[in-house]
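A.B. asks: When you get a sec, could you give me coordinates for this:
(4 chains)
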Amino acid sequence: MTVQVSSLSTVDSAARLLSSDKTARMLGGGTLLMQRVNAGDPGIRKLVRVDDPALTDISAGGANISIGAGVTMSQLLMKPELEFLHSAARCVGGPAIRNMATLGGNLFARAPYGDLAVLLVALGAEVSLAGQSGSRPVAIERLFERSGSAPPLVRAVNIRRPQGQVMFHKMSRMNPRGPAIVTLAIHLDQSAGRIREARVALGGVADRPCLSMGAARAMGNSRLDDATIERAVTDAMRGIEPRTDAIASGWYREQMVQVHLRRALTQMAGG
Amino acid sequence: MSVEFRKDLFADERDDDLNEVGKPTRRQDILGHVTGRSPFFDDHRFDGMLHIRCVRSPYHHARIRNIDTSRAETMPGVVRIMRGADVPVNLNTLLSLLDFGKDDEPVLAVDKVAYKGEPVLAIIAESEAQAHDAVNAVRVDYEELPHVLDVEEAIKPGAPSVNLTYPNNKFEFYGGTDKQKLRFGDVETGFARADYIVEGRYQMAPIEQAPIEPNGAIALPETNDRWACYTSTQGLFFTLGTAAKLLDVSSSRLHFIGGTVGGGFGGKVDGLCEPLAILGAMLTGRPVRYVLDRAEEMQVSAPRSAEVWYIKDGLASDGRIIARQFTGYFDSGAYTRLTSYGVVKCTGHLPGPYTIPNVQSDLYCVYTNRTPATAMRGFGVTGADFAIERHMDKGARAVGMGPLEFRLINAYRDGDMKAHRRLAGNCALIESIQAAAARANYPLTSEYMQMSSSQGGGGERAQIPATRLQDGSELPAGTRRIAAADHAPGLIPQVGVDVPVSGKPSTSATPAAPAPAQAQTQFAASPAMRGYGASSLGQSAPPPAPPPPAATPAAEASPPPAAKPQGSPGPRYSRYSKIGNRRR
Amino acid sequence: MAQLPLQFRLNGSDVAVFADEADNLLSVLRGKVGDLTPKFGCGQGGCGACMVSVDGKTVLSCVTLAQNVQGRDVESLAGLSGEQLDPLQTAFMDGFAAQCGYCTPGMIVAARALLRRNPNPDRDDIVEAISDNLCRCTGYEPIIDAIQLVAAQERGTRA
Amino acid sequence: MAIHKGRGTCAMNYPIGMNLGGDPSQALVHSNPEGKFTVALSSIDLGQGMKSVSRQVAAETLGVPVEDVYVDTADSDTGPHCMGSFASRGTHRVGNAVIAAAKEARAIMLEAAAEELEVNAADLVTDGQGNIHVKGAPGNSISTQDACNAAQFKYGQSVSGRGIFLIPMSDVDPDTGEMSTVSCFAHTAMIVDLEVDDETGEVSNVRINSAYEVGRALNPKLVEQQLIGGAWMGLSHALYETTEPYYPSREHRPYSFSSYPMPGPGDLAQHDISILERPAPDGPYGGKGTGEMCANPVLPAVANAIYDAVGVEMDELPITPEKILRAIHEKQRQGA
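C.D. replies: Coordinates of the predicted model:
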């Protein structure tokens, strides 16, 4: 009994262990997982540490970017090439939390945490999974769809350097660090005055970061004008059941998605 | 941020050239704090120290049918599992040390649990992780019972009984009454004469004290057949007395070490950890540490009580409040802890710092299936003052006055009679309002700037009015029935000898103090010496003292003389000795 | 239960202890090594009272797996002052920047880390730097003021 | 979207100590042969500064420099009984007990000094710098160290004192609520200015102007600590804190600091304070307790300011942005 620790040297061996033991958890920075260990969570009997340099690789020179899942928020913030991720990475905890918290951990943080993941969803980032060599990368939002089975082990996150407009906004009651009421990330790809593709990702609202399909449809192939913005705001929460927690009710979260989406899109239209 | 001292105010009542008092001297403890060396309770470590984790109720309200510890007992590191039956006196109420209220709360639940998180077992293990594992291995068979969470629902007929000591879910105040009453004048007459009636409902939230250091204790056997306890308590002897009672051990055999505490705010008065840590040390012969984790601090240690308030004011068109009525429900949670005392404290505080000729209040201490509430910063007052000061704004709007002007004309002043039938003195509400207004550029006209706490009070405002009681009878004007010393400022005996503690005795505007012995004897000999414990112990209360003849307020300020010979010990002292004298 | 040997440097000195596999760094520092300057406040990484530095980076030791500091450099508040107090400690004393003192070790560790990486912090930088650290007593103002004062003093010394 | 400015006020008093009395505190003071004093208490320093206030009060009363006094609060074997540190009672109750104990020790110290100087003890004064001299004749003096040394090594006297302070416990008349409550009250008035966002319900730019009447600021910096920190907690109570976010339901309870919101260092109010001192006749050097009343005024003053800003009655705490927004919506619906 009590919790054991397995230290492994490759991500693939860790993936094998994790898939065979449902009480095992991959230890990233520990900021979320160690709380549960400290509290004696009976669902966690094994921690898996991986000392694989692949996990901390960053390849950010060109248009295709790959970031190892073990990279911390602080490490991201030291890379000028990743400036487009900084506003979201800076929202994660305070300096000490950011020294610990990893990209991979942020992907699996449940609401109201996981602010960086919201931006990654909006940017259409994909993850490459460990232990499944040769398999195609998976869109981040798809990671959260398989409930029940053990979460897959992410090796790295792949992003195309964003073109077009990107907006990230977090609403929290405690500043400068606090859990999200809503986190909003918008990526608009426009050409010739029309929106080719809109990706609106919401955090804090559902259990995991999610895409607002309603907002995307409302804006697709439209000009970013007041009417489009109102359509997007009206449809933003379609199909999404907002969650209630100690910080805010689902009703309030829905209201705030609409208010902040309207404000963000209005600002993007003006800029 | 800026801080200014208004030395110009009350300068004639103050002597400002003292040697050490009034100086911004560095804190004595500050070097320890900034170097991390201040000795908090958890900064004491002992070889072979064991750790406690509790098995807690997952239900709001349930009967305990069976507890199966067979698997937990055999787990690695488990040294001992403590049950309710292991606690020598497994029923207590915190204020039994003051003989206030009846024992109503077990240390470890035996037959039923009355709130989510109530401790049922305490497991002692070599490490916290092992204790956690053993907690997870215990199987408790519960039969869920109906529960009630709303204070107003809880006191309706047919509501589930939360607390078997008070089956109607209401604390019994002195005289067996289910509410603490305040009656001063006749509010109905006041409402009838009023030009405006203003009513409101207010709700105070339950709040966690949230000191950064959690509640905790480390207990260990000491030489000489005693037990030492390193503790985070806010009341060293208060918790020592509680532990002695629960463990049925002489207080002389407990040695408490504490005094350096990482914040309290009222959250470290209940003594949740000390009795179990000491019992663990008694049963194992080893050092035992019991510290609440943060989740327990948030949901199992007691919060500030929630309160629901109804206020009704009758206002004259000139802005005077002529009647104010309160009904309040304090949410005590499943057990009493300190909420009952908060209700009495609050009653003494009503109707706020205003002179109102007709005041009525009915306050209830209500049991619900929620974590027991306890003290917190502003205890018994914070919620009432929120309600009152929200209501004052509505009153000001009703009469068309500025909010501070409305407060100023109703503010209490030196010599005014308060609703609990004692004179006010040493008042400074008016000056505080004037100073804040000056700070914020709130425009007060000279009429309001010239008001003073030391002028305009007393006289008619010092009268105790004829008072309508709940049974419809009328108490004559001037009636006082509690013969304890009048604690209006200046009437309290000053301690010790001649050195003036206020710094400026001779020029003080307040009356001189009577000799200490006099006041003590009056207290001890009072025919109205009826403690809360007397009623709870089934003794009949002595009849109330006959009301003294109506007298001038000045004469009333000195209580009636003692009826018993000087020097006879008061019952209050014997109650304390009940704890201290217990022998093992 | 098997325990693991664990070696690291604490405030410049070698430390070797045995620890449970899943022990967090805070419990090892306090319970095994005897450095009581980091405090237990929540065990959830939520209050900052346990803050220390590992290889020059601040971490919350209560949610740091102790094994992760194997062979590394750990610095606690105890390492900040030797013969002389750190100027932050003096400023906290003079500025009445502590009441109960329980958050103070973490606050000073966080503040020193800030001044090491950014000798010219503005007020917002200071607010950001102590945002992992909760204080229930002071309302933060005197803490921010004390850090600002030391930053100014140290700029003056360098100039 | 609009930002609305509002101003709210309130005024309050606060009772010092357990309100029915019956809550004694004791102190023991004793000197070593060098005239250095220890004050032994079982009272608790939980950040409010019990050790420091007791130390300054003891030094003042003994007539010695503060460096010659240390206060110990640690131990039930050495510290005499005290009810505890709550109910704003520490400064008042313990302060008075320390004065009583220090007076007794001082009298013995002065007796020894009188023997040494061959004068009458009644003619002696202390200069607060560690010297005892004949009133009006500073040259005819002896140090407190020498006096204490002589008391112990020449005259066989213990330079020590005992003190207790008790307000006898009052009963309560069940019919009228008549009781003898506490002996002194602290006072406060507050004016809060703030802004409300009518689309989010968020409150921002809180500015507080306050006045607090504290009897006497025994240590002005300790008072300031309480007032600044207390107002922060008051703001937290007003806008943020509860263990039951959907009271009386017990759903969605917080279990961590992350789910129990409080203002962070980026959410602080501007706070300007005036401190008034009307000494309490029964307070130690007039001091009252400031630790509790400092938080209370923020709650209603903030609620009143929100009404002034957006015209909604916020009568349930905490006043979350959600409650404000719902009320604004309700008001709009009724106005429509």
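A.B. asks: close enough to count as contact, residue B:121 and residue B:67?
C.D. replies: Yes: counting by C-beta atoms under 8 Å, residue B:121 touches residue B:67, with 6.8 Å between them. All C-beta spots, glycine's among them, are computed from the backbone N, C-alpha and C.
A.B. asks: any common contacting residues for these two?
C.D. replies: Counting by C-beta atoms under 8 Å, 6 or more residues apart in numbering or on different chains, the shared contacts of residue B:121 and residue B:67 are B:83, B:138, B:140.
A.B. asks: Please save the CA atoms from the strand ranked longest in chain A in PDB.
C.D. replies: The longest strand of chain A (DSSP state E) is strand A:180-191. Taking C-alpha atoms only, strand A:180-191 is exported to PDB below (Å, rounded to 0.1, in the frame of the first residue of the first chain):
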ATOM      1  CA  ALA A 180     -11.000  31.000 -14.100                       C
ATOM      2  CA  ILE A 181     -14.600  32.000 -14.300                       C
ATOM      3  CA  VAL A 182     -14.200  31.800 -18.000                       C
ATOM      4  CA  THR A 183     -11.200  31.700 -20.200                       C
ATOM      5  CA  LEU A 184     -11.600  32.600 -23.800                       C
ATOM      6  CA  ALA A 185      -9.300  32.100 -26.800                       C
ATOM      7  CA  ILE A 186     -10.200  33.100 -30.300                       C
ATOM      8  CA  HIS A 187      -8.300  32.500 -33.500                       C
ATOM      9  CA  LEU A 188      -9.700  34.200 -36.600                       C
ATOM     10  CA  ASP A 189      -8.400  33.400 -40.000                       C
ATOM     11  CA  GLN A 190      -9.700  36.100 -42.400                       C
ATOM     12  CA  SER A 191      -9.100  36.800 -46.000                       C
END
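A.B. asks: Is there proximity between it and chain C?
C.D. replies: No: Strand A:180-191 does not reach chain C (C-beta under 8 Å from any C-beta of the partner chain); its nearest approach is 14.9 Å.
A.B. asks: And that strand, what's buried?
C.D. replies: Neighbour-count burial for strand A:180-191 flags A:180, A:181, A:182, A:183, A:184, A:185, A:186, A:187, A:188, A:190 (criterion: 16 or more other C-beta atoms under 10 Å in any protein chain shown).
A.B. asks: so what's residue B:299 up against?
C.D. replies: Per C-beta under 8 Å, 6+ apart, neighbours of residue B:299: B:116, B:117, B:371, D:243, D:253, D:254, D:255.
A.B. asks: Grab the most central residue of chain C for me.
C.D. replies: Centroid-nearest residue in chain C: residue C:109, 3.1 Å away (criterion: C-alpha atoms, centre = their mean).
A.B. asks: Chain B now?
C.D. replies: Short answer for chain B (C-alpha atoms, centre = their mean): residue B:342, at 4.0 Å.
A.B. asks: isn't there a strand covering that residue?
C.D. replies: No: per DSSP: H, G, I helix; E, B strand; the rest coil, residue B:342 lies outside any strand segment and is helix.
A.B. asks: Tell me how many other residues surround residue C:124.
C.D. replies: Residue C:124: 11 surrounding residues under other C-beta atoms under 10 Å in any protein chain shown.
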